[in-house]
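1. Predicted model and sequence below, questions to follow.
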Number of protein chains: 2
Amino acid sequence: MAPGIVSPQRSFEQDSASSGPARLDASKLRVTKTLHPSKLPPAEDLTFGSHHTDHILQVRWTSEHGWQTPQIAPYQHLALDPAAAVLHYGFECFEGMKAYRDAWGSVRLFRPEVNLDRLNRSAARIALPTFDADELLKLIARFVKLEERFIYGKPGYSLYIRPVIIATNSNLGVAAPTSALLYCIACPVGPYFSAGFKAITLEAASSVVATRAWPGGAGNHKIGGNYAPCIAPEKAAKARGFQQLLWLFGDDDRITEAGTMNLFIVLRTEQEGCFELITPPLDGMILPGVTRDCVLSLARERLAPSGWTISEREICMSEVVHAAGVGKLVEVFGTGTAAVVSPIRAIKYRDTLVQCGLSRHQSAGAITALFKEWIEARQYAVEEHPWSVPVSEIS
Amino acid sequence: MAPGIVSPQRSFEQDSASSGPARLDASKLRVTKTLHPSKLPPAEDLTFGSHHTDHILQVRWTSEHGWQTPQIAPYQHLALDPAAAVLHYGFECFEGMKAYRDAWGSVRLFRPEVNLDRLNRSAARIALPTFDADELLKLIARFVKLEERFIYGKPGYSLYIRPVIIATNSNLGVAAPTSALLYCIACPVGPYFSAGFKAITLEAASSVVATRAWPGGAGNHKIGGNYAPCIAPEKAAKARGFQQLLWLFGDDDRITEAGTMNLFIVLRTEQEGCFELITPPLDGMILPGVTRDCVLSLARERLAPSGWTISEREICMSEVVHAAGVGKLVEVFGTGTAAVVSPIRAIKYRDTLVQCGLSRHQSAGAITALFKEWIEARQYAVEEHPWSVPVSEIS
């Protein structure tokens, strides 16, 4: 293009605020660093969510003007109108993702595009604004770089990153939000199982007693409304001595999720020496977990060649009970961002305590432990893999 | 009791903070009035939720210390930690209730104990703290008295009162809240149908497309998570020209709620001159509406003696379609605190537009209008009735 000729496209972009709602634009980021950096907590104190980093990333949105200037500012309280829609009608969605420090000291995100894609789908499901995921990824990378000192260079340590979108408009009518805040905070975290695996016992919740999700609902999204109603039933299960609930669905007691984890079951098949790894399908009633997807990918890559069947299929409690009875239930484990994998010792179902393949002194099955090792190898870049993205390469 | 002898009970009460979590205590209320009272908005501007009064009632709670000192303070923003559980996991419940000014100028609440009982049940369902409803009623009465000037002495005007409980603890783990804030704000509102009734057309949502509630879920509670997921399906219905969704459930397309209203259907029965008033039962999947209860009570009192059958029973779309086809569908209306009753003109179901008994120039059925008149007569104390409680009598 000849010098002096204005590009129509560039002109359009510059005018975007007046000619239509603005898109999320990471290049506009403004950073105000804290004048009072906090002291790093002792490594052994880093339980989940107990500490936060020094800053918060914030981007305001309005239906009229779109995404405003992104800001990183000192960690601070949010000032919300008491009529803000997020406080009344559950207009809130979030993600949980992690940054890791590899053996060479570099900071890496793990499959961040999967989390941001899911955040966009959660937002759309509850009429919150969506965003350009590449731009948010750049902002999060900048945020993580700024908070890098909170990522301890020790095995099992990471930075838990929590992007959130909330509706901030203060008209009490139940309607699509007209203003919102996207923000991101982070917490340094230590290993989930600091003293080795701890296998837990689940109580299977019949769908009449407590149902987490249903067809046509929103149980496959990371939105606030999916969490609060689970606590009272879970407390009741804890009072009966079980660590978490196994959420069933339907008259046939189909398995969906356990607590806030996806569930995997290893069965020995009819054919000698063959196994099936089973997880419920993404039928709209379970969260499409990132760790779930990692397990399936790794299983297809590394177990299927050895004759394993890798199944995303419906599985009912009756099948699990039967398999346990005939010695074919090999292992059960949950998956999630916090613990990676979480071994299950037993499932209480009706009057039976179904043993899930662990001997009394065993705290995790071999396959469960293998997946933890395989996934962490990629998270910490012990195995170089495209899932792990150095933040220095995001810009 | 002899002077000088300390009452053990009084001593216990004084020590309650150290000997156990404190109960909600209205007598401890502290009031800080605004120094800048707002100008009253013009009566014609009072659309729902567009203005708020000058103050906010707040009571903090912690699991350790219980309910703290209630405060009425100038209306102000809430300062929340960005990790506050209400912003992530949907720990939020609320009520909608109204204060009215009667013909003699006195301010009255309408069945407030029903709302506060429901708020307690909502709170318990999502592990938020419950409270002594009598004490909260006293606090709300004090709050309403302070904001009395916002209740216009005109027919159809009232003060919409919004009590809310939110979780404020800032640990990111999904668990029962350890701190919370109960607050109450209020909005002056004008008549919902300022220029006469407006009948609306519903689109029936097959339960596969969008389902509001499920057995074992929390659809019968006024919690945030029940609202946000309804907006996207409702927007889609609006884009197709329908004002609200009619939420169906099950393979037999059972009627549950419409938008955020309970639904009533009037059918002509086989017997000449006899009618049945039908509303879906409180089976855990619909909100137990206060106006719904008023309609049922009034119908049992005033219509049943004339041979009407008053039914809380399951009703499927097939029955409504059939009744419309044979000329037995007399009226359909929704009920809620905002509009009292809301006439329904038609229901789009599959390929049919089911006409709900109104002629083209008619905006509400006779029974619908009658219920509005009967209920408002009690709300404004035109008919003196125990449902209406003068705030001056609450202390």
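-> Received, thanks. Residues are numbered from 1 along each chain as shown, chains lettered A, B, ... in the order given.

2. so, in contact with chain B or not, stretch A:340-356?
-> No - using C-beta under 8 Å from any C-beta of the partner chain, stretch A:340-356 never reaches chain B; the gap is at least 14.1 Å. Where C-beta positions appear, they are placed from N, C-alpha and C, glycine not excepted.

3. Now the terminal residues of that stretch, how far apart.
-> 19 Å (C-alpha to C-alpha, to the nearest Å).

4. Grab the most central residue of chain A for me.
-> Most central in chain A under C-alpha atoms, centre = their mean is residue A:96, positioned 4.1 Å from the mean C-alpha point.

5. what's the distance between the closest residue to that residue other than its chain neighbours and chain B?
-> Nearest residue to residue A:96, sequence neighbours excluded (C-beta to C-beta, 6 or more residues apart in numbering or on different chains): residue A:337, at 4.6 Å. To chain B, residue A:337 is 11 Å away according to C-beta to the nearest C-beta, to the nearest Å.

6. and residue A:337, what does it touch?
-> A:96-98, A:160, A:289-291 (C-beta atoms under 8 Å, 6 or more residues apart in numbering or on different chains).

7. ok, residue A:128 - how many residues close by?
-> Residue crowding around residue A:128 was assessed by other C-beta atoms under 10 Å in any protein chain shown; the count is 28.

8. Enumerate every residue touching the nearest residue to it once chain neighbours are set aside.
-> Excluding the flanking residues, the one nearest residue A:128 by C-beta to C-beta, 6+ apart is residue A:165, at 5.0 Å. Taking C-beta under 8 Å, 6+ apart as the criterion, residue A:165 is in contact with A:92-94, A:119, A:122-123, A:128-129, A:180-182.

9. among the contacts of residue A:337, which two are most distant?
-> Greatest spacing in the contacts of residue A:337, by C-beta to C-beta: A:160 and A:289 (15.4 Å).

10. so which helix or strand takes in residue A:376?
-> Assigned by DSSP states H and E, residue A:376 belongs to helix A:366-379.

11. Wait, residue A:175 touches residue B:228, no?
-> No - here residue A:175 does not reach residue B:228: they are 10.7 Å apart, not a contact under C-beta atoms under 8 Å.

12. of the two, who's got more company?
-> residue B:228 (30 against 17).

13. what's around residue A:144, how many residues?
-> Neighbours of residue A:144 using other C-beta under 10 Å come to 26.

14. Quick check: which element contains it?
-> helix A:133-146.

15. And that helix, what's buried?
-> Across helix A:133-146, burial judged by 16 or more other C-beta atoms under 10 Å in any protein chain shown covers A:133, A:135-144, A:146.

16. again with stretch A:318-326
-> A:319-321, A:323-324.

17. who touches residue A:235 in this structure?
-> B:127, B:176.

18. What are the boundaries of the helices in chain A?
-> A:8-14, A:16-19, A:86-89, A:112-125, A:133-146, A:228-239, A:290-302, A:317-325, A:366-379 (DSSP state H).

19. For residue B:34, which of those is the nearest?
-> helix A:86-89 (21.4 Å).

20. what about the closest one, distance to the chain center?
-> On the basis of C-alpha atoms, centre = their mean, to the nearest Å, helix A:86-89 sits 22 Å off its chain's mean C-alpha point.

21. Is chain B within reach of that helix?
-> Yes - using C-beta under 8 Å from any C-beta, helix A:86-89 comes into contact with chain B via A:86-89.

22. Could you dump those into CSV and include neighbour count?
-> Listed next are the residues of helix A:86-89 next to chain B as CSV, based on neighbours: other C-beta atoms under 10 Å in any protein chain shown:
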residue, neighbour count
A:86, 30
A:87, 29
A:88, 25
A:89, 31
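
23. And those, which is closest to chain B?
-> residue A:89 (3.7 Å; C-beta to the nearest C-beta).

24. Give me the nearest residue to that closest one, chain neighbours excluded.
-> Using C-beta to C-beta, 6+ apart, the closest residue to residue A:89 is residue B:227 (3.7 Å).

25. quick one on the thing from earlier: make sure the residue nearest to the centre of chain A is actually in contact with residue A:158.
-> No - checked against C-beta under 8 Å, the pair residue A:96 and residue A:158 is beyond contact range at 11.2 Å.

26. tally of neighbours for the residue of the stretch 201-350 of chain A found nearest chain B?
-> Nearest residue of the stretch 201-350 of chain A to chain B (C-beta to the nearest C-beta) works out as residue A:225 at 2.2 Å. Look at residue A:225: counted by other C-beta under 10 Å, it has 28 neighbours.

27. contacting residues for residue A:233?
-> Contacts of residue A:233 (C-beta under 8 Å, 6+ apart): A:205, A:209-210, A:245.

28. let's see 10 Å
-> Counting by C-beta atoms under 10 Å, 6 or more residues apart in numbering or on different chains, residue A:233 makes contact with A:203, A:205, A:209-212, A:245, A:247, B:125, B:127, B:216.

29. Looking at the residues you listed, which are in strands?
-> Mapping these onto strands (DSSP state E) picks out A:203, A:205, A:245, A:247.

30. Tell me the bridge partners for the last one.
-> Going back to what we said before, that points to residue A:247. Beta bridges link residue A:247 to residue A:205, residue A:257 when assigned by DSSP bridges.

31. Surely it touches residue A:230?
-> Yes - counting by C-beta atoms under 10 Å, residue A:247 does reach residue A:230; the two are 8.0 Å apart.

32. okay, those two: which has more neighbours?
-> A count of neighbours by other C-beta under 10 Å puts residue A:247 above the other of residue A:247 and residue A:230, at 28 against 24.

33. What parts of the stretch 201-350 of chain A come near chain B?
-> A:205-219, A:221-235, A:238, A:247-249, A:259-260, A:284, A:338 (C-beta under 10 Å from any C-beta of the partner chain).

34. among the residues you listed, which ones are buried?
-> Buried, going by 16+ other C-beta under 10 Å: A:205-207, A:210-219, A:221-234, A:247-249, A:259-260, A:284, A:338, out of those.

35. quick one: which of the contacts of residue A:233 is nearest residue B:273?
-> Nearest to residue B:273 among those, with distances taken as C-beta to C-beta, is residue B:216, at 42.2 Å.

36. thinking again about what came up before, how much space is there between the residue nearest to residue A:96 and residue A:224?
-> Distance from residue A:337 to residue A:224, counting by C-beta to C-beta, to the nearest Å: 17 Å.

37. that older thread, farthest-separated two in the buried residues of helix A:133-146?
-> That would be A:133 and A:146, which, of the buried residues of helix A:133-146, are the farthest apart (C-beta to C-beta) at 20.2 Å.

38. ok, back up a step: with distance to residue A:269 and pLDDT added, can I get the contacts of residue A:233 in CSV?
-> CSV is the format used below for those (distance: C-beta to C-beta, whole Å; pLDDT from 0 to 100):
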residue, distance to residue A:269, pLDDT
A:203, 28, 97
A:205, 28, 89
A:209, 32, 78
A:210, 32, 89
A:211, 31, 93
A:212, 29, 95
A:245, 28, 96
A:247, 26, 97
B:125, 42, 97
B:127, 42, 98
B:216, 33, 92
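
39. Rebuild the residues you listed as a markdown table, extending it with distance to residue A:330.
-> Compiled in a markdown table, the contacts of residue A:233 are given as follows (distance: C-beta to C-beta, whole Å):
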| residue | distance to residue A:330 |
| --- | --- |
| A:203 | 21 |
| A:205 | 24 |
| A:209 | 29 |
| A:210 | 28 |
| A:211 | 29 |
| A:212 | 26 |
| A:245 | 23 |
| A:247 | 22 |
| B:125 | 38 |
| B:127 | 36 |
| B:216 | 30 |
